[in-house]
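[1] everything below, folded, please.
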Amino acid sequence: MHELSVSSAVVDTVLKHAAGRRVTVVSLRIGHLRQVIPDSLAFYFDIVARDTPAAGARLEQVVVPARLRCGGCSDEWDMEGTPEFRCPRCADGEVEVIAGNELEVDSIEVEESECIA
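    You can find the predicted model right below:
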């Protein structure tokens, strides 16, 4: 159900920026740590966008891998598999997430209305 609220927020943002124009493509950047299931998000996006200018828009999702930085030694690493919030180099626990927490509408494509001369 998490994906339903995310889809609603995405559609609201897209419609605000589309300014009434028909939306054909929505590109998202979703961090791995957001725990969004891509197929579920696409399913709910189609439902939420129904009967709006975003109806039928293609949803493109780019999953951003989680990347961490150590506060002690400044080492950086990709977080793969099981989350490990300790530096693999110095075992410091002061770890900062520098990527993988995104949830962004990266871009939208809209149809421009034709000018009638």
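[2] which SS class is V63?
    Three-state call for V63 (DSSP: H, G, I helix; E, B strand; the rest coil): strand.
[3] is it true that it touches H32?
    Yes: V63 is within contact range of H32, at 6.0 Å (criterion: C-beta atoms under 8 Å). In this view, the C-beta of every residue, glycine as well, is placed from N, C-alpha and C.
[4] more crowded one of the two?
    More crowded of V63 and H32, by other C-beta atoms under 10 Å: H32, with 19 against 15.
[5] helix or strand for the most centrally placed residue in the chain, which one?
    Nearest to the mean C-alpha position of the chain, by C-alpha atoms, centre = their mean, lies I30 at 2.8 Å. Following DSSP states H and E, one finds I30 within strand 23-31.
[6] buried residues, the next helix or strand after that strand. List them.
    As assigned by DSSP H and E, the chain's next helix or strand after strand 23-31 is helix 38-49. For helix 38-49, burial by neighbour count (16 or more other C-beta atoms under 10 Å) applies to 41, 44-45, 48-49.
[7] next one: V25, what pLDDT does it get?
    V25 is assigned a pLDDT of 98 by the prediction.
[8] thought it was touching A57?
    Yes: if you go by C-beta under 8 Å, V25 and A57 touch, sitting 6.1 Å apart.
[9] gap between stretch 15-26 and the chain center?
    Relative to its chain's centre, stretch 15-26 lies at 17 Å (C-alpha atoms, centre = their mean, to the nearest Å).
[10] tally of neighbours for the closest residue to F45 other than its chain neighbours?
    Computed as C-beta to C-beta, 6 or more residues apart in numbering, the closest residue to F45 that is not its neighbour in sequence is S7, at 4.5 Å. By the measure other C-beta under 10 Å, the count of residues near S7 is 22.
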